[in-house]
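Q: predicted model follows, preceded by the sequence.
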Amino acid sequence: MLNLAEGVGDTLAQLNGLGVRQIIISATHRSYIESLTKQFGIDAFFDSVIAADDYEAGSKIERAVSFFEKSGQTCL
């Protein structure tokens with residue numbers, strides 16, 4: 001059974017309250033990421049999910065760079 005690490009939900013809520021936009025970039029398939037974020041009640045904190053099935057190849061870093069270039073957003 002998976003559990004959310006202590007303090008993660010509170011941290012995500014605080015960042016959200018400050019207006020910090022958050023995304024998930026993962027080598028996992030979107031359906032699994034979405035099911036976990038819903039299970040833990042944290043799905044509303046994320047603006048976007050970039051998953052393995054969104055791109056044919058590339059590292060998570062390459063996916064992130066591509067996302068930010070296309071979206072015009074910046075990363076902290």
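A: Yep, it's here.
Q: all helices for the chain, in order.
A: 8-17, 30-39, 60-71 (DSSP state H).
Q: please render the ones you listed as a markdown table that adds mean neighbour count and mean pLDDT to the earlier fields.
A: Heads up, the C-betas are built off the backbone N, CA and C, glycines and all. Listed next are those as a markdown table, based on neighbours: other C-beta atoms under 10 Å; pLDDT from 0 to 100:
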| stretch | mean neighbour count | mean pLDDT |
| --- | --- | --- |
| helix 8-17 | 13 | 96 |
| helix 30-39 | 14 | 95 |
| helix 60-71 | 13 | 79 |
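Q: take the ones you listed and write them to JSON lines, including distance to D53.
A: Formatted as JSON lines, the helices of the chain follow (distance: least, C-beta to C-beta, whole Å):
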{"stretch": "helix 8-17", "distance to D53": "24"}
{"stretch": "helix 30-39", "distance to D53": "6"}
{"stretch": "helix 60-71", "distance to D53": "11"}
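Q: nearest spatial neighbour of the residue nearest in space to the middle of the chain, chain-adjacent residues omitted?
A: Residue closest to the average C-alpha location in the chain (C-alpha atoms, centre = their mean): I24, at 1.4 Å. Distance criterion C-beta to C-beta, 6 or more residues apart in numbering; nearest residue to I24, sequence neighbours excluded, is V49 at 4.8 Å.
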